[in-house]
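Visitor: heads up, no residue letters with this:
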């Protein structure tokens, strides 16, 4: 049943948690955690080291770093600055170890749909330097060593009629960056992670996969240069919310003698079985629906600024 349990999430951490809840050990996948008590920030790294692990997890071999910050949706400037510092550190760790000077940032998503506008908003706040360096040299930026930063917002297929990876390949061929960094909105399994989690991966990204829109992957194999992906979950599958509500309901009715039998039967279902049951119960009206918080406009703009500040700090540092 586990293999049929096709949960809608882009987070490698949640895929690993799913197997743990089903008491399935995934060979070739290593999970490590660290916790910053002062700032209440949890860092989880999922490393998929084998092809077998990649097949089971449904994600490519590589590293997936998840920053969970419960207060990230709150307008606390000092807290967001701390997140930016952490983000800068972990992106730097995923950069290839060879010397790199030119980076192309791609803001994926649709600016007209707020939960999907994270990528374009991040690009809006970046310090772009490629045109200055091309025209006047790197010393015009006031630094001895500086990244050459360029960025694009390629839109979505409904706007351009082109696969995003086709647009990116053309830009990469023309501008020849050393590395590609893509930013996109993601889907989560746990509603508590919405707008409170950032995932960084060195494996690239499949735009729209979390909401069922399977576009061509943006990876080193498809674009020819290393790809680092940054994503924030902004939507959750309706079936997930119904499932969480059902669990809460079952916990409540366990105290009722007349309903205790029903609760014990459903409690005996595995997470996979419960998820499939819920999908059947809510179809066709809610099946395929995704939900986002009501304050998404303000929250996405705030988080986009947090990410862009991390990137601006990283790119202002000496080229590695």
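Guide: Perfect, thanks for sending it. Only a predicted model underlies this, so the values are computations on that prediction, with no experimental measurement involved.

Visitor: Pop the domain breakdown of this protein in here.
Guide: Following automatic domain parsing, the chain resolves into domains at 2-239+288-316, 240-282.

Visitor: weakest of these in terms of mean pLDDT?
Guide: Lowest mean pLDDT of the domains of the chain: domain 240-282, a mean of 65.

Visitor: any chance of the domains of the chain in CSV, plus mean neighbour count?
Guide: Glycine gets a C-beta too; all of them are placed from N, C-alpha and C. Below are these laid out as CSV (neighbours: other CB atoms under 10 Å):
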stretch, mean neighbour count
domain 2-239+288-316, 18
domain 240-282, 14
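
Visitor: ok, residues contacting stretch 50-69?
Guide: 11-13, 15-16, 19, 26-29, 39-49, 79, 83, 86-87, 90, 93-94, 193, 196-204, 219 (CB atoms under 8 Å, 6 or more residues apart in numbering).

Visitor: Which ones among these lie within helices?
Guide: The helices, defined by DSSP state H, take in 12, 13, 15, 16, 19, 79, 83, 86, 87, 90, 93, 94 from the contacts of stretch 50-69.

Visitor: so who does residue 171 touch?
Guide: Residue 171 touches 104, 152, counting by CB under 8 Å, 6+ apart.

Visitor: An error on my part: the question was meant for residue 148.
Guide: Neighbouring residues of residue 148 by CB under 8 Å, 6+ apart: 101, 102, 103, 129, 130, 133, 134, 138, 177.

Visitor: what's the spacing between residue 300 and residue 204?
Guide: Per CB to CB, to the nearest Å, residue 300 is found 22 Å from residue 204.

Visitor: biggest helix in the protein by residues?
Guide: Assignment by DSSP H gives helix 296-316 as the longest helix of the chain.

Visitor: Strands of the stretch 1-150 of the chain, residue ranges please.
Guide: Along the stretch 1-150 of the chain, the stretches classed as strands by DSSP state E, counting those that start in this stretch are 29-36, 41-48, 62-68, 102-107, 148-152.

Visitor: mind checking how far residue 114 is from residue 57?
Guide: Between residue 114 and residue 57 the computed distance is 30 Å (CB to CB).

Visitor: re earlier: most widely separated two among the ones in helices among the contacts of stretch 50-69?
Guide: 19 and 79 (32.0 Å; CB to CB).

Visitor: gap between the two ends of stretch 68-76?
Guide: End-to-end span of stretch 68-76 (CA to CA, to the nearest Å): 16 Å.

Visitor: Who are the contact partners of residue 12?
Guide: 46, 48, 57, 59, 64, 66, 199, 201.

Visitor: Residue 82 contacts residue 41, correct?
Guide: Yes: between residue 82 and residue 41 there is a contact at 7.2 Å, judged by CB atoms under 8 Å.

Visitor: The residue nearest the centre of the chain in helix, strand or coil?
Guide: Centroid-nearest residue in the chain, with CA atoms, centre = their mean: residue 231, separated by 2.7 Å. Secondary structure assignment for residue 231 (DSSP: H, G, I helix; E, B strand; the rest coil): strand.

Visitor: Next, find the distance separating the residue nearest to it when sequence neighbours are not counted from residue 292.
Guide: Leaving aside its sequence neighbours, residue 231 sits nearest to residue 186 (CB to CB, 6 or more residues apart in numbering; 4.1 Å). Distance, residue 186 to residue 292, by CB to CB: 12 Å.
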